[in-house]
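> kindly return the folded structure for what I paste below:
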Amino acid sequence: MSMLPAPSSGARGSHVSRLAPPGSLTKRIREGSVDLESGLDAKKSRMEEPGAPVTNLAKSMSKSMMNITDKVKPAAGRVGTAGRVGIAAGGSKPKVSVTRPGPDRRQTTTALNDRTNSSKSRPGLAREKSSSVRGPAGAEKPAGKAASSKRPAWDLKGRLEDMEKMFDHTNRRVEDLETEKQTLQTDVEVKKEVVVQSSEEIRTLRLNIERSEQELENLRKSLRQKEEQFNEETVRLKRQLEDEQYTKNSLERRLKGLEDELSSKQTEVAGLKNSVAELSSSRAGVEASLSGAKTELEVARGQILALQTETDRKSEEIKTSLAAQEEMQAKLRWEESERRKLHNLVQELKGNIRVFCRMRPLLREEKDGLDEIRHVNIQGEKTIELIKTVDSANESIAGGMNKNMKYDFEFDRVFGPTSSQGDVFAEISQLVQSALDGYNVCVFAYGQTGSGKTFTMEGGPAIEDDESECGMIPRTIRQIFEVQEKLKEKSWQYKLQASFLEIYNEEIRDLLTSDTTQKCEIKMSDTKGTDLHVTNLKTEEVTSEGQIASMIRRARKNRAQAKTLCNERSSRSHSVFMLRIEGHNTATSETCCGTLNLVDLAGSERIKDSGSEGMRLTEAQAINKSLSNLGNVIMALAQKNSHVPYRNSKLTHLLQNCLGGNSKTLMFVNISPKEECFSETLNSLRFATKVNQCNIGTACKKAAK
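Okay, the predicted model is just below:
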């Protein structure tokens, strides 16, 4: 046997095979080719983006790919089995039958995933690779033999057998690659058909989208036109409604005027009927006189003519006198009405501060067996007389003209000890109505300590149980709510905001909160106006009468009070209740804004009589100083001084608008019925007289901002 040289590695290197090595599953890369699966995967990733819209085409392709995957898996298994059978048959070349795609495209597209399942379609090759071991020279060795044995160079027959086995294996590898080539070509054709069909569907969908967008744009234009027509119709109907409302209001005002005219005419007719009745009664008396005269004429015929003439003359005189009397009475009524109107008009133009005087009754411990108050004489509704009597045993030369002196005072209204809280409030109810109409109103109580100022303004301690003890503040709120309910029918709506403060030792404190760290100061509301406001002051919206009772309880708890020799519960500060009233008419858009200030001044007292010491002495000095500054302001206003010292104290600064002319102001001067307080009572009445003679101008109505 001839010795053939073994093939060298250099000879094999000269001829490089383009086929993949046996057992390799790597796909050969062709230049210029496009991987259709990678393109479909990229398209699928773009379709699955979060913001991308999902179309019907994408949904159908997703469903078809799922069907293809399910169908390819069993087919791949069958292909692998066929490969194993062909290899086991020997060196004969197996025939590969390629099934062409039929008319049903959904069934033929099962080849789309053949390449992705290539590892499953060639299990025979995998087994061959695992059952053979490549030697150091590139030949494969059987897995059953030991790898350590090497054929010697002289064993040409053995080496030839190895070469034949390697050749058979290479042929089988070539046949598998040809089968894979046919399968890939089939996949390419199927995928091309899918791409064409997808392009047509995309074109159709784009046309449908364009047509839908055009229809949507047309619908939007139609909708805009409908909205414009609806808005125009709405504006026209609103204008028509406003015209009808204006006509209705005009007719209502005209009807009210006619009703007032009718009531006046009815009153005039009633007066004429009374005149006719009086004339009829006079006529009856005259007829009786005539009948008597006729009887006398019958007795004395000679005097018939004279008596008849006298009777006629008397009758004419009676008729003339009755007519003159009726005319005078009508004229007096008219003059009285005109006098009241002119008096109110003059008072309003002058701007005088109205002053009411009230004297409290004697308390049980003050009566001491005497129920009569001898040194005060209330002569009428507007006049009061103060009488000073000196016993003859206590007279002295120094007394001079001071003994048995009488002091007469006249105010707008005087209330005696028997006057109730309701009688007092009836006189100031018109001022409350002015506050609802948009005017600034101020009511403050002045007097010595223990004269009943706090009782007048706030009421007694049992105001929740006994309504008769309610003071001006709760009664004012009650009237405001009653009027507010009546005005709702005329489209008026009101908003009430209340605050409560005190001036203690020239410091402003908030009585609605127990926090004393915040400092309150008086500031101007704006640079152009004259309205004042207090900073850091708590303001509460009032919605019910019970809320005011709660506010009064909190204010009494926080207000400075102490016991002195003059009064067991003496107020040591000036309290101010401020109520802001904002009104709005929803029908006419008319607005108004009024402020109601109810002030309870601390009582003036003599330090030697009250026995004040320490803190009480400081409080008394601050109270007397602020009241003295109030008197200086009143004197400056009465004398028409160019400078009025409002800023000398917190009290006068806070009441600047009330005293300066931009408010309707009412002052209560409270006096004590005790005779030992005669000097304080006289000083209070004299101060009230100065206030009543002071001209402050006319208040102006304010509109809400």
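> which is the next helix or strand following the helix or strand containing residue 312?
Following DSSP states H and E, one finds residue 312 within helix 304-350. Following helix 304-350 in sequence order, the next helix or strand is strand 354-359 (DSSP H and E).
> which other helices and strands contact that next one?
Identification of packing neighbours for strand 354-359 by 3 or more C-beta pairs under 8 Å, 6 or more residues apart in numbering; DSSP states H and E yields strand 413-415, helix 421-436, strand 664-671, helix 678-692. The C-beta positions use only the backbone N, C-alpha and C, and glycine is treated the same way.
> quick one: mean pLDDT for the first one?
Meaning strand 413-415. Mean pLDDT, strand 413-415: 92.
> now do the phi/psi pair for residue 516.
phi -100, psi 10 (degrees, to the nearest 10).
> give the contact list for the nearest residue to it once chain neighbours are set aside.
Of all residues not flanking residue 516 in the chain, residue 509 sits nearest, at 6.7 Å (C-beta to C-beta, 6 or more residues apart in numbering). Taking C-beta atoms under 8 Å, 6 or more residues apart in numbering, we find residue 509 in contact with 501-503, 516, 520, 558, 573.
> my read is residue 575 is in a strand, agree?
Yes: under DSSP: H, G, I helix; E, B strand; the rest coil, residue 575 sits within a strand.
> tell me the contacts of it?
Taking C-beta under 8 Å, 6+ apart, we find residue 575 in contact with 457, 500-502, 511, 555, 559, 599-600.
> restricted to strands, list those.
500-502, 599-600 (DSSP state E).
> okay if I get those as CSV plus pLDDT?
Listed next are those as CSV, based on pLDDT from 0 to 100:
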residue, pLDDT
500, 91
501, 91
502, 91
599, 89
600, 87
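> can you add neighbour count and distance to residue 419 and give these back as a markdown table?
Shown next, in a markdown table, are the ones in strands among the contacts of residue 575 (neighbours: other C-beta atoms under 10 Å; distance: C-beta to C-beta, whole Å):
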| residue | neighbour count | distance to residue 419 |
| --- | --- | --- |
| 500 | 28 | 26 |
| 501 | 23 | 29 |
| 502 | 21 | 27 |
| 599 | 23 | 21 |
| 600 | 28 | 18 |
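> so which of these comes closest to residue 437?
Nearest to residue 437 among the ones in strands among the contacts of residue 575, counting by C-beta to C-beta, is residue 599 at 20.9 Å.
> bridging residues for the closest one?
residue 444, residue 576 (DSSP bridges).
> pretty sure it contacts residue 442?
Yes: the criterion here is C-beta atoms under 8 Å, and residue 599 meets it with residue 442 at 6.9 Å.
> what do the two both touch?
residue 655.
> quick one: residue 262 from residue 379, how far?
42 Å (C-beta to C-beta, to the nearest Å).
> kindly report the same for residue 416.
11 Å.
> okay, buried residues for stretch 472-490 please.
472-481, 483-484 (16 or more other C-beta atoms under 10 Å).
> just to revisit the earlier point, wasn't the residue nearest to residue 516 part of a strand?
Yes: using three-state DSSP, the assignment for residue 509 is a strand.
> now do it, the pLDDT please.
90.
> hey, what's it bridged with?
Under the criterion used (DSSP bridges), residue 509 bridges to residue 502.
> please begin residue numbering at 40 from this point
Got it, the first residue is 40 from now on, which makes the last one we talked about residue 548.
> ok, it to residue 718 distance?
From residue 548 to residue 718 the distance is 32 Å (C-beta to C-beta).
> need the three-state assignment for residue 553.
Relying on three-state DSSP, one would call residue 553 coil.
> what's the closest non-adjacent residue to it?
Closest to residue 553 by C-beta to C-beta, 6+ apart is residue 597, at 6.3 Å.
> and for the one you found, the neighbour number?
Number of residues near residue 597 (other C-beta atoms under 10 Å) recorded here: 17.
> so it sits against residue 555, correct?
No: judged on C-beta under 8 Å, residue 597 makes no contact with residue 555 at a distance of 9.2 Å.
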